[in-house]
Each structure stands twice: as structure tokens, then as C-alpha cells.
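Q: Predicted structure and sequence below. I'll ask about it afterward.
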Amino acid sequence: MIRVLIIAATASAVIAGASLFAVVRLGPRSKSTALIPDQGWDGTIIPDFTLVDQNGMVIDQTVFEGEVTILDFIFTSCPLQCPAMTSVLVGMSNRTVGSGLRFVSMSIDPVRDTPERFAAYAETFRIDESRWLLLTEPLAEAEKADIARTMLRDEIGYFVLDLEDEEPIELSGGDTMPNIAHPGKLFLIGPKREVLGAYDYNRPEQIEMLVARARDAAQSVGRSRR
């Protein structure tokens, strides 16, 4: 089911993460319900995958198992929305040190987002790599697969669109690429790879709810290990 249809008539609509429809309802919740999926997310599971991280290490779906994780989808050439999303997550990472909460970012532009490029991106944003993985496809695979885009579309229910008719992004060296319309969402993933909810990165009240819920969820998972 496609939960959000992004139609980007202008670049500003993409940057704002605009959507026509969303079924997820956010609100206060108790610690006991932190691991219960929000309305509309029941049964949504992160599928099997094989990617590589910023250090070239092979990573699969088991990275989510037994953990509470915040997941987003980005591309390093993104001029505005992705750096803003990453900055928000860096702030959340700094606020949740010691909580057990983890972070994963997946590339929707794997041909350009090599592990080396992601390593430089992590350094630029001072990402805590002990808790945060940036995942992309090996180049040979990226030429024939779009793992993150397929996951977004088929499992999570969001479109990703190359904006061929919009003003292109200028790359270093004089090349250009189409801008990419994608959801400005932060997804909370539970310890069984289940999607618990989605939050807008540019709405401070939702970020506060996500921080509180993620802490509670991670604490619950930590207690269950003892």
C-alpha cells in the first residue's frame, strides 16, 4: 500500500517533504506502548537486503534485529532536505547517548553514494559511527538494483521520483543530476524489523515525540535482554 504519494511540482515541495495523504496519527503514548506500531503500520517489516556500510563492510537485515533504530533515506548530493535530515538525526544522536538507540541511513542514489563518499559524509556531519551506519550498494550491484528505493516503494509505501523536468543538481566537476523527490520521514524500527511509525524531520513537535518514544522503546528492549 502506498501511504504517501509525493508529487513534486516544484523543488520547494520536495524540500518540505510535502505529501498529499498520510494515515499515520501521532500523539502522546505511554512507555508500555512504545513498541506497538502506529495505526497503519501493522505488519510492515524491513525486508531482507544486502548492502555495504561506509567502511565497505557487508550489512544485511539482521542489523535491525534486537535493536531499536531510526532509519532514513538520503542521497549525499541532495542540496537541502538530506543535510537537514542528517543534522536533525545528529542532534537526536547526541541527545540519546547511552540509550542503546541506533541509526541507519540508506542511499537512494547508490551509483554516486559509494562507501568512500558516505565515509566523507559521516566525517562532515561528525556522525557517531559506533551507533550509525550509512548503507549503500556495491557499485556492480547498484548498476542493476535499487534496493533502498524498492524497499521504500514495495514495503514501506513511499514513492521516490527522479525529477527530470526540474532544475538539476550541479555536481562537482561540472556534471549534473536530477533532483530526487523522496519522503522527509524518520522511521522508527523495532527489534523484530517492524516499522513502528514515521515522523516528519522538519516538525519539532514530532521530533520531540520520536526522541521520547525511541528512548522508551530502547529501554524496553534493553530490559528484555537482562
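A: Noted; the coordinates are in hand. Quick caveat, the model's predicted, so the values are computed rather than measured.
Q: Could you use CA atoms for every contact and neighbour count after this?
A: Fine.
Q: Let me see the backbone angles for Phe159.
A: Its backbone dihedrals place Phe159 at phi -80, psi 150, with angles given as degrees, to the nearest 10.
Q: give me every residue that touches Leu101.
A: Contact analysis of Leu101 by C-alpha atoms under 8 Å, 6 or more residues apart in numbering lists 67-70, 131, 214-215, 218.
Q: again, 6 Å this time
A: 68-69, 218 (C-alpha atoms under 6 Å, 6 or more residues apart in numbering).
Q: Kindly report the same for Asp162.
A: Going by C-alpha under 6 Å, 6+ apart, Asp162 touches 178, 180.
Q: hmm, 8 Å instead?
A: Contacts of Asp162 were listed using C-alpha under 8 Å, 6+ apart, and they are 178-181.
Q: So it: helix, strand or coil?
A: Three-state assignment for Asp162 (DSSP: H, G, I helix; E, B strand; the rest coil): strand.
Q: That one and Gly174, how far apart?
A: Counting by C-alpha to C-alpha, to the nearest Å, the gap between Asp162 and Gly174 amounts to 19 Å.
Q: before we move on, what about Pro168?
A: When C-alpha to C-alpha is the yardstick, Pro168 and Gly174 sit 12 Å from each other.
Q: quick one: Leu133 and Val52 touch, right?
A: No: using C-alpha atoms under 8 Å, Leu133 and Val52 do not qualify as a contacting pair, with a distance of 9.2 Å.
Q: the more surrounded of these two?
A: More crowded of Leu133 and Val52, by other C-alpha atoms under 10 Å: Leu133, with 24 against 19.
Q: Is that one bridged to anything, and to what?
A: Val104 (DSSP bridges).
Q: How much space separates it from Glu194?
A: Using C-alpha to C-alpha, we find Leu133 at a distance of 18 Å from Glu194.
Q: Over to Leu163?
A: When C-alpha to C-alpha is applied, the distance between Leu163 and Glu194 equals 30 Å.
Q: So which of those two has more stuff around it?
A: Under the criterion of other C-alpha under 10 Å, the comparison of Leu163 against Glu194 puts Glu194 first, with 22 against 19.
Q: How about that one: what's its closest non-neighbour residue?
A: Nearest non-adjacent residue to Glu194, counting by C-alpha to C-alpha, 6 or more residues apart in numbering: Ile45, 4.4 Å away.
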